[in-house]
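Student: Got a predicted structure here, sequence first:
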Protein chains: 2
Amino acid sequence: MVNVDLLPASGQSTTISVGDVVTEAGVTIPDVQISFFAFYDATSADPNYADFSEGPEPGLDVDQRPILLIEHALTGDGNLADWWFEMVGPHKPLDTTRYLILCSNVLGGCMGSTGPCSPHPDGKAWGSRFPGISIRDMVTAEKALIDALGISHIQAVIGASMGGARTLEWTLMFPDYVGAALPIAVSARASAWQIGLQSSQIRFIENDPHWHGGDYYETGHTPAEGMGQARRIAHLTYRGELEIDERFGVDPQRNENPYGAYRRADQRFAVESYLDRQAEKLKERFDAGSYVALTDALNRHDVGRGRGGMNAALAKSQVPTMIAGVDTDILYPWHQQEHLSRNLGDFIGLSQITSPTGHDGFLIEGRQMGLILQKFLLKAEHICQDVRE
Amino acid sequence: MVNVDLLPASGQSTTISVGDVVTEAGVTIPDVQISFFAFYDATSADPNYADFSEGPEPGLDVDQRPILLIEHALTGDGNLADWWFEMVGPHKPLDTTRYLILCSNVLGGCMGSTGPCSPHPDGKAWGSRFPGISIRDMVTAEKALIDALGISHIQAVIGASMGGARTLEWTLMFPDYVGAALPIAVSARASAWQIGLQSSQIRFIENDPHWHGGDYYETGHTPAEGMGQARRIAHLTYRGELEIDERFGVDPQRNENPYGAYRRADQRFAVESYLDRQAEKLKERFDAGSYVALTDALNRHDVGRGRGGMNAALAKSQVPTMIAGVDTDILYPWHQQEHLSRNLGDFIGLSQITSPTGHDGFLIEGRQMGLILQKFLLKAEHICQDVRE
């Protein structure tokens, strides 16, 4: 049920054309390219490995395996083994000996799928010509990828944060394709507080003199400073106040003195230096145009749009869906996970990651996240067995 | 016990010279000016007004009255009747018929007390020559004001947020002058998360091309854009996610469409427009140099510095101190109020404002704040009576 000839080697990526994508707001993006990773190992030779008797059989041929679709977050990418390395691999929760695991780079991103920095048909970067996209448009492009690969059934869609938003939209846009879903640390729609933070981040980038209305790709400069400002604030919303304080407190950065006679930008607290590093790391690996496009898509996230409202849309959901989140998340607070749980039409469970780390708990609390994935995947297997029987 | 000749008329302000102030970090600011408001009414003629039998007598001569010192927050000012109008007035919790109420504009601010935009002895603005100041330096200047006014005893010091930090420092720096204290929505020291947010806000201003290293006062331009960026983020930390979402949700601003085919900065969500207004309002009334100086002082806030550490400093506190905070505050989370309560050497009570509004609850929840002030002021009166007897 998958055209294996189109898959990259396990752990590798490839890019394929999925045709035109028409956005929710009516713009046609021609000849969209989607880059994706696939993970599928043969059965491990490890004799000490104990099977889950209830899970799918290990070692099936790739075209016989249940498929998991993993959705990455805002600045993540298709290389699941990089950002969720504790979760994916032989005999790990996302068991590469049992499943065919796919993770595609998002439409609008900068990791190989079509986005603002990709070449427009005229050869120059899309830049400001790249349209405003929604979470649904990203899913439309992913569905085109799934079709191109010849896939008609996905055992489970799993994603956190912006990946959780796409996971929710999969269940509402293409319920017939999805066996079960696990949106993590996300909400039914953007909250006004999120939009306030996110739109401010967009402005920091648009106010950078190197932004040039989004058409900076041939100027030799990038609005990296503005993106760094955005990242500083975003990172503080991804982390927990308790964790950040335990790590840094009021410590000065080594050999610097933020308590001096005059304030100086080069005399920092340790947490300032930490945020500088976060900003620098993002500048090196991410495109500001994509940051704006994806952040704008997060602002547009609303499962209720055109579906009779948020709770009506959730009530109509036909895909068995489990919800997970982090107790100290200030960006997608726990009450949003409770809201989803109360309103989803086919709700199968709620799991809480307990952590001082806030939103990023799904990346950091490997033990807890692993148990949640295992529990969810057994549910998904049972559901899909029931459907098959 | 106050030189009434130096007081302004009730509800008015005046400015007096308090001499040189030497900062914690060793810089002398010569001939500091402190602007302050005073509030004291004669007994109201309202025959329906019922006395609190336990409070101080109403209608005493001003020089016989107990004194309350109120400490304003970061962008607040000495005009208490403006920002805490529900709290101050005849027969209100801060009863102007019973007390002499003083509220001074902070050192480093831009409302009449010496700060970066004030004239240096050479006649030009202080600008970058204004030193880095701490919360303690602000209190040093206030103590000089109190001395200049001939005051030797303050019945109670009360303040929230940055005003709460000054209130705490009053109890540790000048315990003999303070009968009781009520720090509200504050912490014993800046948390790393706060420093992360606050230092980012400083950078937004310093990155504004109009900043000119802090010496923009004669350029005809101000770094108002950078200060607006800082304000957008700060305001979101002053408010609650629940309240902001209830007010704005995913609503577009009237006659704008943030869901259009292309992202446009002039097609906003309602919450973006709200933050635009917050930023514009601050630009009109506040100086960016002061915003940097006061935010830097918040970063330096640490009652433990030079006192054997945070908890040792609190344990040595000799002033009866009550603590209050807001349950949904993300900037000064409730656990920080609990921390103060557990460690203060003379702790007299903890009160919680329950509100969806977050940190600004002390400004918004007038009924709850009023009850807390009444309870605290009766405690303070009893304490001061005991001391007098």
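Tutor: Looks like it arrived, so ask away.

Student: Which residues does stretch A:205-215 contact?
Tutor: With contacts defined as CB atoms under 8 Å, 6 or more residues apart in numbering or on different chains, stretch A:205-215 is touched by A:116, A:125, A:127-128, A:130, A:216, A:219, A:221-227, A:229-230, A:288-289, A:291-292, B:209, B:225, B:229, B:265. To be clear about C-beta, it is placed using only N, CA and C from the backbone, and glycine gets the same treatment.

Student: What's the separation between residue A:114 and chain B?
Tutor: Taking CB to the nearest CB, to the nearest Å as the measure, residue A:114 falls 16 Å from chain B.

Student: can you map out the strands along the stretch 151-300 of chain A?
Tutor: Listed in chain order, the strands found in the stretch 151-300 of chain A under DSSP state E, counting those that start in this stretch are A:154-160, A:178-184.

Student: Buried residues in the lengthiest helix in chain A, which are they?
Tutor: Longest among the helix segments of chain A by residue count, using DSSP state H, is helix A:366-388. Within helix A:366-388, the residues that count as buried by 16 or more other CB atoms under 10 Å in any protein chain shown are A:368-369, A:372-377, A:379-381, A:383-384.

Student: Now flag whichever of those residues is closest to residue B:314.
Tutor: residue A:368 (34.7 Å; CB to CB).

Student: so the residue nearest to that closest one when sequence neighbours are not counted bridges to which residues?
Tutor: Nearest residue to residue A:368, sequence neighbours excluded (CB to CB, 6 or more residues apart in numbering or on different chains): residue A:353, at 4.8 Å. For residue A:353, the beta-bridge partners under DSSP bridges are residue A:326.

Student: list the contacts for residue A:353?
Tutor: By CB under 8 Å, 6+ apart, the contact set of residue A:353 is A:324-327, A:361-362, A:365, A:368-369, A:372.

Student: Tell me how many other residues crowd residue A:256.
Tutor: Residue A:256 is flanked by 16 other residues according to other CB atoms under 10 Å in any protein chain shown.

Student: Correct me if wrong: it contacts residue A:265.
Tutor: No - using CB atoms under 8 Å, residue A:256 makes no contact with residue A:265, being 10.4 Å away.

Student: Now do the helices in the stretch 201-350 of chain A.
Tutor: For the stretch 201-350 of chain A, the helices defined by DSSP state H, counting those that start in this stretch cover A:224-238, A:241-248, A:270-285, A:288-299, A:310-315, A:334-343.

Student: residues making contact with the longest one?
Tutor: The one in question is helix A:270-285. The list of residues contacting helix A:270-285 from outside it, by CB under 8 Å, 6+ apart, reads A:75, A:222, A:224, A:227-229, A:231-232, A:235-236, A:244, A:247-249, A:251-254, A:256, A:258, A:268, B:192-193, B:195-196, B:199-200.

Student: circling back to that earlier point, so what does the longest helix of chain A touch, helix or strand wise?
Tutor: Where contact means 3 or more CB pairs under 8 Å, 6 or more residues apart in numbering or on different chains; DSSP states H and E, helix A:366-388 is packed against strand A:154-160, strand A:178-184, strand A:321-326, strand A:347-353, helix A:361-364.

Student: same for the last one, what does it pack against?
Tutor: Going back to what we said before, that points to helix A:361-364. Using 3+ CB pairs under 8 Å, 6+ apart: helix A:361-364 touches strand A:321-326, helix A:366-388.

Student: mean pLDDT lowest for which of the ones you listed?
Tutor: Sorting those by mean pLDDT places helix A:366-388 lowest, at a mean of 93.

Student: Show me the contact partners of that one.
Tutor: For helix A:366-388, the surrounding residues in contact (CB under 8 Å, 6+ apart) are A:52, A:54-56, A:66, A:68, A:86-87, A:92-94, A:155-156, A:158, A:179-180, A:182, A:184, A:320, A:322, A:324, A:348-349, A:351, A:353-355, A:361-363.
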